[in-house]
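S.K.: Sharing a sequence plus its predicted fold:
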Amino acid sequence: MKPSANRASLALLLTVTAIAVPCAAWFVVGWREATQRAHETELAPSRLAGETSTRLAERLRDRLETLRENESKRPFYHYQNFYHDPRGAYEGVAVVPSPLTDGPMDPIIRTYFQLDVWGNFTVPQLNPQAPRELSAEEHAAEDAIRRQLELQAPTFVAVVQQSQQRRVQQLDAQSWAQTVLSSEVYSKLRNPNQPPAPNKPSLEKLQASTKGNVEISTGPLAWHTLPINRVPSLVALRDVQTPYGRAVQGFLISQTSIGDLLKAAPFPARFLPEAGSGNLDAPVRLAGADWHVSVDARVDLAAAGAKARGIRDSFLRIFGWGVTAASIAGLCVVGLVWQTERLARQRSQFAASAAHELRTPLAGLRLYCDMLAEGLGDPSRAGDYARRVADEAERLGRVVANVLGFTRLERGTLKVSLEPGDLAAAVRECVERQRPALEALGAKIEFDVTGTIPEQKFDRDALAQILQNLLDNAEKHTRNAADRTIRVALAPAMSGVELSVSDHGPGVTRKERRRLFRPFARGHHVDAPAGLGLGLTLVRALVRAHRGEIRYADGDGGGARFVVTLPANATF
């Protein structure tokens, strides 16, 4: 392997290492951080929802427990349509409407109800003897809930349990009789002639049968979950022990009001009767009832998931662009190293080729000059020797001219002086000037002009250098050809004027065509002629300085054909 290839490979290896190690570290650290951020983003709504459900459950439990404790202190007779106030200052028969007739005093209570000792189910809000002012829709709704509760009345008796912590209240015979028969007393006061209810004793008989004070024991309200109209509902029940039997009292919690309380939460929340699962549900710890607050965070979780994916994708995108940019920069560095090495190799080859190209004409010059100076050889051929000296000097001049032209091209100082003139005459003059040297080397040159060539602006010295290089190139590549004819043609074209130089040599392979006009480009076959590889590069530069173009084409009978196109009537 060549030293330059070794250096380029080493540069590539070092560049890959320099890019791969930091990029790998960047990916490990950055991906871990992006994954952690994405994970935290995904968990944030779930964590907030869990905290929200727990906080709502605790607040709701405190609210319901406070309500239950306060309602447990309510006297048993408030659940009746009417009652006799034992603390009243009046004497005789007197009853007043229940304070519950006007509806629940707390908005989360839907309604109060009672199953009395005689099996009658009553709702204080629907007192037929002291009706409230309700619209037809409101009355229908209240009556519907009363009927639904009445259907569950046997269940109330079955589920309510007697508690040891009971409140005992003593009433005298008159107060007890008026309280237990408050509705009958109210009807009697309104209509003295109304007969007593068939399943209840009269007021006088009840008072007569009661001896001494009557003890009424009331248990605390306890939570229960019961189906009301096939929907699990939260109710508070308590039992009341009287001399005439057991009564059940309680109230129904309004799911609508509970829902209104939960609307202030940052997530949609519901109050449900089933055991919760996961961190989005929190139990409302009510004794005797298994309810919980369920938070719906699906929208926020979906948005968090999309945001988390965006965080990961953003890192991968930035990482990809970063690696791509670093790789491009690394490739540019390797390319610069390779290009530097290639140019160094080409310059070394150029120096060797230039030395060879200069040594050959110099050796010829010295040989013929010595022969002329020393009077060696055939004196009659002195003129021939002098011609050889001139040819070698001209050859040496072409080499030097190409080197100087390429130097100006690299420095950007290659310029042409365009002046109007007869292009056909100038080309003919150049061809005739080169003819003796070419024919001395065994080549044959032909020049054809087709049509009328318009007046052009061109640089005569540049034109001479263009033709000299193309003819020299054709002569070199046809030394082993059977037909060494070189044809120079000048003809008008649609885009201007075309000047072509064609030969019958081996031509240029397709692989070599793409680098044909590059500096130091030479054929790689074994019989390729020596040279600097600058002629065609300099030709293209001079043609483009004329605002023209040069291209390669296969000759009609084989060989190479170079076509120079100069623009017509161009203003330079």
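M.R.: Yep, that arrived.

S.K.: residue ranges of the strands in the stretch 101-250 of the chain, please?
M.R.: 109-115, 121-122, 167-171, 214-218, 222-228, 231-242, 245-253 (DSSP state E, counting those that start in this stretch).

S.K.: Out of the ones you listed, which is closest to Ala491?
M.R.: strand 231-242 (102.5 Å; CB to CB). C-beta: built from backbone N, CA, C; applies to glycine.

S.K.: Quickly note the distance from the closest residue to Gln148 other than its chain neighbours to Arg47.
M.R.: Once flanking residues are discounted, Gln148 sits nearest to Asn229: 4.6 Å by CB to CB, 6 or more residues apart in numbering. Per CB to CB, to the nearest Å, Asn229 is found 37 Å from Arg47.

S.K.: before we move on, what about Pro128?
M.R.: Pro128 sits 54 Å away from Arg47, going by CB to CB.

S.K.: So those two - more neighbours on which side?
M.R.: Arg47 (13 against 8; other CB atoms under 10 Å).

S.K.: Wasn't that one part of a helix?
M.R.: Yes. Using DSSP: H, G, I helix; E, B strand; the rest coil, the assignment for Arg47 is a helix.

S.K.: ranges for the strands of the stretch 451-572 of the chain?
M.R.: Secondary structure of the stretch 451-572 of the chain (DSSP E, counting those that start in this stretch): strands at 456-458, 485-493, 496-502, 549-554, 560-567.

S.K.: List the neighbouring strands of the last one plus their orientation.
M.R.: Going back to what we said before, that points to strand 560-567. Strand 560-567 sits in its sheet next to strand 496-502 (antiparallel), strand 549-554 (antiparallel), going by DSSP bridges.

S.K.: Out of those strands, indicate the one that is most buried.
M.R.: For the strands paired with strand 560-567, the largest average neighbour count (mean count of other CB atoms under 10 Å) is found in strand 496-502, namely a mean of 21.

S.K.: Remind me which helix or strand Lys307 belongs to.
M.R.: In the assignment (DSSP states H and E), Lys307 maps to helix 298-374.

S.K.: Domain map for the protein?
M.R.: Per automatic domain parsing, the structural domains of the chain span 3-57+299-344, 75-253, 412-567.

S.K.: can you put those domains in a markdown table and add mean pLDDT and distance to Ala289?
M.R.: Output for the domains of the chain, formatted as a markdown table (pLDDT from 0 to 100; distance: least, CB to CB, whole Å):
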| stretch | mean pLDDT | distance to Ala289 |
| --- | --- | --- |
| domain 3-57+299-344 | 87 | 13 |
| domain 75-253 | 79 | 4 |
| domain 412-567 | 81 | 88 |
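
S.K.: Same list, these, but as CSV with distance to Asp260 please.
M.R.: As requested, the domains of the chain are exported to CSV (distance: least, CB to CB, whole Å):
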stretch, distance to Asp260
domain 3-57+299-344, 13
domain 75-253, 8
domain 412-567, 81
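
S.K.: which one of these lies closest to Pro268?
M.R.: Closest to Pro268 of the domains of the chain, according to CB to CB: domain 3-57+299-344, at 8.6 Å.

S.K.: Now do that closest one: distance to the chain's middle.
M.R.: Chain-centre distance of domain 3-57+299-344: 14 Å, with CA atoms, centre = their mean, to the nearest Å.

S.K.: those helices in the stretch 151-300 of the chain, which residues are they?
M.R.: Per DSSP state H, counting those that start in this stretch, the stretch 151-300 of the chain carries helices over the ranges 153-159, 173-180, 182-190, 203-209, 255-262, 298-374.

S.K.: So what touches the fifth one?
M.R.: Identification of contacts with helix 255-262 by CB atoms under 8 Å, 6 or more residues apart in numbering yields 56, 60, 63, 107-108, 110, 233, 269-271, 293.

S.K.: Any quick PyMOL command for the buried ones out of those residues?
M.R.: In PyMOL, this line selects whichever of the contacts of helix 255-262 come out buried by 16 or more other CB atoms under 10 Å:
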select buried, resi 56+60+108+110+233+269+271+293
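
S.K.: Which one, of the strands of the stretch 451-572 of the chain, ends up nearest to Leu441?
M.R.: strand 485-493 (10.8 Å).

S.K.: Provide the strand pairings for that closest one, with the direction of each partner.
M.R.: Sheet pairing for strand 485-493, assigned by DSSP bridges, gives strand 444-449 (parallel), strand 496-502 (antiparallel).

S.K.: and the residue nearest to Gln148, how many residues sit next to it?
M.R.: For Asn229, the neighbour count with other CB under 10 Å is 12.

S.K.: hang on, Thr66 is in a helix, isn't it?
M.R.: Yes. Counting by three-state DSSP, Thr66 is found in a helix.

S.K.: Please tell me how far it sits from Gln174.
M.R.: In this view, Thr66 and Gln174 are 36 Å apart by CB to CB.

S.K.: With neighbour numbers in mind, choose between those two.
M.R.: Neighbour comparison, Thr66 and Gln174: the larger count goes to Gln174, with 17 against 11 (by other CB under 10 Å).

S.K.: how near is the more buried one to Val214?
M.R.: Distance, Gln174 to Val214, using CB to CB: 10 Å.

S.K.: repeat for Arg74
M.R.: Between Arg74 and Val214 the distance is 19 Å, computed by CB to CB.

S.K.: what pairs with Tyr552 across the strands?
M.R.: Applying DSSP bridges to Tyr552 gives these bridge partners: Phe562.

S.K.: how deep is Thr452 tucked in, by neighbour count?
M.R.: 8.

S.K.: got the contact list for it?
M.R.: Each residue near Thr452 by CB under 8 Å, 6+ apart is listed here: Pro492.

S.K.: And stretch 267-277, what's buried?
M.R.: So, applying 16+ other CB under 10 Å, buried residues of stretch 267-277: 267, 269, 271-273, 276.

S.K.: Take the residues you listed and keep only those in strands.
M.R.: Among the buried residues of stretch 267-277, the ones falling in strands (DSSP state E) are 269, 271-272.

S.K.: Could you dump those into JSON lines with pLDDT added?
M.R.: What follows is these, written out as JSON lines (pLDDT from 0 to 100):
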{"residue": "Ala269", "pLDDT": "89"}
{"residue": "Phe271", "pLDDT": "90"}
{"residue": "Leu272", "pLDDT": "89"}
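
S.K.: Spit out the contact partners of the closest residue to Asp448 other than its chain neighbours.
M.R.: In space, and not counting its chain neighbours, Asp448 is closest to Ala489: 4.8 Å by CB to CB, 6+ apart. When contacts are counted by CB under 8 Å, 6+ apart, Ala489 is found next to 447-450, 498-500, 502.

S.K.: How many residues are close by Val299?
M.R.: 11.

S.K.: what's the distance between it and Arg37?
M.R.: Val299 is 21 Å from Arg37, by CB to CB.

S.K.: Check Asn6 too.
M.R.: From Asn6 to Arg37 the distance is 46 Å (CB to CB).

S.K.: the more surrounded of these two?
M.R.: More crowded of Asn6 and Arg37, by other CB under 10 Å: Arg37, with 15 against 11.

S.K.: residues touching the closest residue to that one other than its chain neighbours, list them.
M.R.: Closest residue to Arg37 apart from its sequence neighbours, by CB to CB, 6+ apart: Ile311 at 5.4 Å. Residues near Ile311 by CB under 8 Å, 6+ apart: 34, 37-38, 41.

S.K.: Against which helices or strands is the host helix or strand of Val431 packed?
M.R.: Per DSSP H and E, Val431 falls inside helix 423-440. Judged by 3 or more CB pairs under 8 Å, 6 or more residues apart in numbering; DSSP states H and E, the packing partners of helix 423-440 are helix 382-411, strand 444-449, strand 456-458, helix 460-477, strand 485-493.
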